[in-house]
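Student: can't give you the sequence, but here's the structure:
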């Protein structure tokens, strides 16, 4: 097992020491992870084909959502009684909080089978995290992977997401919060989520945030818990000064 160090901070050493007590955990780094390749604006008919026939087309719409008709098509695909949509990439769309709240409500449908949702670079703030957290806690939730990277969620938003992770209904195993303008203040709630007996989180990306040593120390405490299921932790560039 190896770990890639992002800086010479004590926080890295603390997390590395935890590895000796948790052999199943692998800490890795992301250096030059590029944005998803840009696509042109799609027609409503193309959007419908993508969402309702993911076996024929990759369910990738980035960017492409330009009007309410697109949202209605995505909504229909998520709630359809014969829904086959398992993976949806909406990255690089200007969804904003209202758009994600709209999508989150559809995740609660008993027909929704979505397991992977990518919302990177969608101009989101903490305001959308309440609805996302609610969706994670819903009894019908089957979402396994959520990418919220490069959105302005800040600590208050991640605190809400952490509440969702503690729910016995939450099935989320992979969570990306890279580049979300986070500080050490959100790490206590994340650590608490990692220690929850209900958590099934296996992979967490916190890279490109201002966590500093104190934040990494909080996360390290969570890793020591016998309830912690985390296997991969990314925390490159925590901006220790």
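Tutor: Received, thanks. Remember, predicted model here, so these are calculated numbers, not experimental data.

Student: residue 142 against residue 110, yeah?
Tutor: No - the criterion here is Cβ atoms under 8 Å, and residue 142 misses it with residue 110 at 10.3 Å. C-beta: built from backbone N, CA, C; applies to glycine.

Student: neighbour count for the two, which is higher?
Tutor: Counted by other Cβ atoms under 10 Å, residue 142 and residue 110 do not tie: residue 142 has more neighbours, with 12 against 9.

Student: check which helix or strand covers the more buried one.
Tutor: For residue 142, there is no helix or strand it lies in under DSSP states H and E.

Student: for it, give me its contacts.
Tutor: Taking Cβ atoms under 8 Å, 6 or more residues apart in numbering, we find residue 142 in contact with 112-115, 171.

Student: any idea which of those is closest to residue 230?
Tutor: residue 171 (15.3 Å; Cβ to Cβ).

Student: from residue 114, how far off is the closest one?
Tutor: 11 Å (Cβ to Cβ, to the nearest Å).

Student: what is in contact with those two at once?
Tutor: The contact sets of residue 171 and residue 114 overlap at 142-143 (Cβ under 8 Å, 6+ apart).

Student: neighbour count winner among those two?
Tutor: Using other Cβ under 10 Å as the criterion, residue 171 and residue 114 rank with residue 114 on top: 23 against 13.

Student: can you pull the contacts of that one?
Tutor: Going by Cβ under 8 Å, 6+ apart, residue 114 touches 78, 85-88, 107, 142-143.

Student: redo that, cut-off 6 Å
Tutor: The neighbours of residue 114, taking Cβ atoms under 6 Å, 6 or more residues apart in numbering as the test, are 85, 88.

Student: let me have the contacts of residue 142 in JSON lines, extended by distance to residue 217 and pLDDT.
Tutor: Formatted as JSON lines, these follow (distance: Cβ to Cβ, whole Å; pLDDT from 0 to 100):
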{"residue": "112", "distance to residue 217": "38", "pLDDT": "92"}
{"residue": "113", "distance to residue 217": "39", "pLDDT": "90"}
{"residue": "114", "distance to residue 217": "35", "pLDDT": "92"}
{"residue": "115", "distance to residue 217": "33", "pLDDT": "94"}
{"residue": "171", "distance to residue 217": "29", "pLDDT": "97"}
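
Student: and which of those residues is nearest to residue 94?
Tutor: Distances from residue 94 to the contacts of residue 142, taken as Cβ to Cβ, are shortest for residue 114 (20.8 Å).

Student: could you look up the SS state of that closest one?
Tutor: Assigned with DSSP: H, G, I helix; E, B strand; the rest coil, residue 114 falls in the coil class.

Student: that one and residue 141, how far apart?
Tutor: For residue 114, the distance to residue 141 equals 10 Å [Cβ to Cβ].

Student: likewise for residue 117?
Tutor: Using Cβ to Cβ, residue 117 is found at 11 Å from residue 141.

Student: find the nearest non-adjacent residue to residue 209, please.
Tutor: Nearest residue to residue 209, sequence neighbours excluded (Cβ to Cβ, 6 or more residues apart in numbering): residue 182, at 3.9 Å.

Student: correct me if wrong: the one you found contacts residue 208.
Tutor: No - the pair residue 182 / residue 208 is not scored as a contact, 9.1 Å apart, by Cβ atoms under 6 Å.
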